[in-house]
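K.L.:
Sharing a sequence plus its predicted fold:
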Amino acid sequence: MNSEKAAHTPAPRGRFITFEGGEGAGKSTQVQRLVAALQARGIETVATREPGGSPNAEALRKVLLSGLVAPLGPAAEAMIFCAARIDHIDNLIAPALARGAFVVCDRFADSTRAYQGALGKLSDQFIDGLERVTIGDTKPDLTFMLDLPAEEGLARAGKRRGAEAVDRFEAENIDFHRALRTSFRAIAEKNPQRCVLIDATRTMDEIAADIWHATEQRLLLDVRA
Ligand code: TYD
């Protein structure tokens, strides 16, 4: 009954920040920079990622990124991402928020909506239902959508990867990656209170400055003087 447990997690006292975007958008660097900036302000901050973030979820990450689950179809794949997410919430995210920490997560539920949605044309109702039973009250307070053209992101991801093999999602065709971008932008447009669209074609420093400014404006002014 993990999902029910997740659905009844008490309202968080800390703040939950997520980073989203397609391949090669530079999320991991920006997660590290934001975590360092929050810690420099004396705020306990936990950096984590999805799929993964807890031992059980990291085990599922291996299965998901190997492509082993792909033949089951996008609905089943989405459910396994959600199974990993429930464990991550129960064992890492919710306890950290409950003790007042900030949690900064590289990908979260918007990735399921965009990736599994773009792969399989899953209905909004299906994704909404999954999201409700999986995350319950553990909704992000702030989400940065790192936005750049699919071609540019894939080229950057290819450079970073070097000789390693592409993973299950990077291997999808360019139309898939374009659909992903459209989907992330639509999520940002639909949720302006939560989401900030970031132009990720700029330098790391420019992007980090925008992210810090938005974090201060949206979260730090009201929680800690
Ligand atoms: P990762 O190597 O962490 O990629 P990135 O650096 O782009 O974040 O692999 C995570 C992959 O899993 C990425 O291609 C996006 C995909 N994914 C989904 O398809 N659905 C999800 O719900 C999540 C969290 C990730």
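P.N.:
Nice, I can see it. Numbers count the residues shown, from 1 in each chain.
K.L.:
From here on, just use CA atoms for contacts and neighbour counts.
P.N.:
Will do.
K.L.:
Pull up the residues of the protein that are close to the ligand.
P.N.:
23, 50-51, 81, 107-109, 111-112, 115-116, 169-170 (Cα under 6 Å from any ligand atom).
K.L.:
okay, among these, which ones form the most distant pair?
P.N.:
Ala109 and Glu170 (18.5 Å; Cα to Cα).
K.L.:
Please tabulate the residues of the chain next to the ligand in TSV, including the columns secondary structure, distance to Ala179 and neighbour count.
P.N.:
Formatted as TSV, those follow (DSSP: H, G, I helix; E, B strand; the rest coil; distance: Cα to Cα, whole Å; neighbours: other Cα atoms under 10 Å):
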residue	secondary structure	distance to Ala179	neighbour count
Glu23	coil	12	25
Glu50	coil	20	19
Pro51	coil	20	27
Phe81	helix	19	23
Arg107	coil	17	24
Phe108	coil	18	22
Ala109	helix	17	22
Ser111	helix	12	22
Thr112	helix	13	21
Tyr115	helix	9	23
Gln116	helix	11	23
Phe169	coil	13	19
Glu170	coil	13	18
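K.L.:
nearest to the ligand, of these?
P.N.:
Using Cα to the nearest ligand atom, Thr112 comes nearest to the ligand of these, at 3.4 Å.
K.L.:
what's near enough to touch that closest one?
P.N.:
78, 81 (Cα atoms under 8 Å, 6 or more residues apart in numbering).
K.L.:
Excluding residues flanking it in the chain, which one is nearest His177?
P.N.:
Ala150 (5.5 Å; Cα to Cα, 6 or more residues apart in numbering).
K.L.:
which residue ranges form the strands in the chain?
P.N.:
For the chain, the strands defined by DSSP state E occupy 15-21, 45-49, 102-106, 142-147, 195-199.
K.L.:
Which secondary structure elements does the longest helix along the chain sit against?
P.N.:
Counting by DSSP state H, the longest helix found in the chain is helix 174-190. Packing partners of helix 174-190 (3 or more Cα pairs under 8 Å, 6 or more residues apart in numbering; DSSP states H and E): strand 15-21, helix 117-120, strand 142-147, helix 150-161, strand 195-199.
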